[in-house]
Structure formats: C-alpha cells, structure tokens
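Give me coordinates for this.
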Amino acid sequence: MTALTPADRAAALRALHRPGDPLILPNAWDAGSARAVVTAGFLAVATSSGAVAEALGHADGEATPVGEMLDAVARIAAAVDVPVTADLERGYGLRPAELVERLLATGAVGCNIEDSDPRTHELYDPEEQADLLAGIRAAAREAGVDLVLNARVDVFLRAAGPPDGCLVEAVRRARRYRAAGADCVYPIVLAEPAAIRALVAELDVPVNVLARPGTPSLAALAALGVARISFGSGVYAAARARTVEMLAAIRAGDEVFRTGEEAR
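Below you'll find the predicted structure:
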C-alpha cells in the first residue's frame, strides 16, 4: 500500500471535521499515549501543550523550549499511522514560515493557535491574530501541505465581559479567523448548550468544543452541531491522578501487582 503523503494526511484530517458527527480527540502527550489513542480506535491524534509540557518537566504557557515541544510532536507523529495535529500555543514567537516548516518536519499536519498571550493571558487584537493565521495558511500552501488550522478563541477562557458579550465577541473573532484561513474554531471552555448552539448557528466553520466536567455529553455536543471534540490535558490529568493513587497504595504496602505477569 502506498504511504499517504503529508498533503493526503491533511486532507484526511480536514474531512473528519463533520458537524453533527464530530472528530473525537483524547489528547496525547507522548508516543505511548498516542499509540493508546489509535489502538482504542480513534482516527486522529491531537497533542495537548499543557500535557506535553508537564511530561517534559515544564509549565504550560510557552515555558517549554520550542525545540523540545516539536521533538515531542515528532515522536508522537512517528509512533502512529493516523493524522496528527499539534497544540502549538501561540507559535512560540516563530514567524509563520518557520513555524510551518518546523511543524511539517515533525510529521504533523494540523495545529492549534490560540488568540491570547500564553504568559500574560491578555487577548490579542483579532486583526493581529488574523494576520498570524493568514501567514500560517499562506506558508503551508507554499510548502504544499494545506495544514488543518484550528483557531482557538479565548474570550470565554479569559472572561472578557458578560456571557452575552463574550458570545458576540467570539462570533466576531471566529468569522475573522475563518476569513484568514482557519479550518476550525475553538471557543475553549464554552460549555453552555444554548451558547454552543447559537455559536454553531452563526458560523460557517466547524466548531471545536473542549470536553471537561460540566460540558454536555459527546452525544449532546454532536446534536448541537459540534464538529470536533477535544479533551485538552484531561486524559493526562486522569492518568497522573491514577499514578498518584497507585504510588500511595504501594507506599502503604498494598500489593498493587500480585504477580510478575500483572506487572508487565
């Protein structure tokens, strides 16, 4: 069988964004977790910047050296045979052409870009953000791989005004980012069903919702017209919490593993 080219993988990833039949992405943080995602039957792998950062010994918020982050993405992409999309925070200060070149070198064919400063948490002007997204889109097309570009909209995360005002601003930003070349928009932490429905109805672009406590079920999100559901650092946090429980049990003398076979 002929191996898929990066352009083929990007096209396959883009095609998985179907309103009402969403792409489910339990975000990975290393090669092992990425393989587990694929073994479980998921059709693509997304990274979580926060989970990758912590697994590498760094804090979230672009505290990870860009080389380390991209090396982690490369290990993930090399470990699986499905499309990979990378959470790149706001691009680590790289110019669009360099960001795209280095991302494509990892084997990933999509990326998240957020519209607030990872360090100060201030929202960027939407025109400035649109220029960044347009630059990434142009660089990707120049490179011959039409990356799947997921534009994060942080107005709900940053609580930029009352709920109704946040929704209006989210729609405004999402439309501008779509015009700049975004394939999907990601109003992170938006969880209220009526607001999700209203935002989906106002836009002509696939919408990504973060699954977390308090968010509607996967089936309910599909019924609201969501096209992509991701878990952020949630799976990593659950794995870490289970590890802490096991370590406490071992320290207390419990026989967590009773046989050598179970320990493998």
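
quick one, strands of the stretch 51-200 of the chain?
Under the criterion DSSP state E, counting those that start in this stretch, the stretch 51-200 of the chain carries strands at the ranges 84-87, 110-113, 148-153, 184-187.

So which of those is nearest Ala201?
Among those, the nearest to Ala201 by C-beta to C-beta is strand 184-187 (13.4 Å). The C-beta positions use only the backbone N, C-alpha and C, and glycine is treated the same way.

how about the strands of the stretch 51-200 of the chain, which one is nearest Val73?
strand 84-87 (4.5 Å).

Restricting to C-alpha, output that closest one in PDB.
This file holds the C-alpha atoms of strand 84-87, laid out as PDB (Å, rounded to 0.1, in the frame of the first residue of the first chain):
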ATOM      1  CA  VAL A  84      -1.600  14.200  14.000                       C
ATOM      2  CA  THR A  85      -2.400  17.800  14.900                       C
ATOM      3  CA  ALA A  86      -0.300  19.700  17.400                       C
ATOM      4  CA  ASP A  87      -1.200  22.200  20.000                       C
END
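
Show me how far that strand is from its chain's centre.
Chain-centre distance of strand 84-87: 6 Å, with C-alpha atoms, centre = their mean, to the nearest Å.

now swap in stretch 59-75 and tell me
For stretch 59-75 - counting by C-alpha atoms, centre = their mean - the centre lies 14 Å from the chain centre.

buried sites along that stretch?
The neighbour-count check on stretch 59-75 (16 or more other C-beta atoms under 10 Å) flags 60-62, 64, 66, 69-70, 72-74 as buried.

before we move on, the earlier item: got the strands of the stretch 51-200 of the chain as JSON lines, with mean neighbour count columns?
Listed next are the strands of the stretch 51-200 of the chain as JSON lines, based on neighbours: other C-beta atoms under 10 Å:
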{"stretch": "strand 84-87", "mean neighbour count": "27"}
{"stretch": "strand 110-113", "mean neighbour count": "24"}
{"stretch": "strand 148-153", "mean neighbour count": "27"}
{"stretch": "strand 184-187", "mean neighbour count": "26"}
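
Mean pLDDT and distance to Leu56 for those strands - can I get that in TSV?
TSV is the format used below for the strands of the stretch 51-200 of the chain (pLDDT from 0 to 100; distance: least, C-beta to C-beta, whole Å):
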stretch	mean pLDDT	distance to Leu56
strand 84-87	98	13
strand 110-113	98	18
strand 148-153	98	21
strand 184-187	98	23
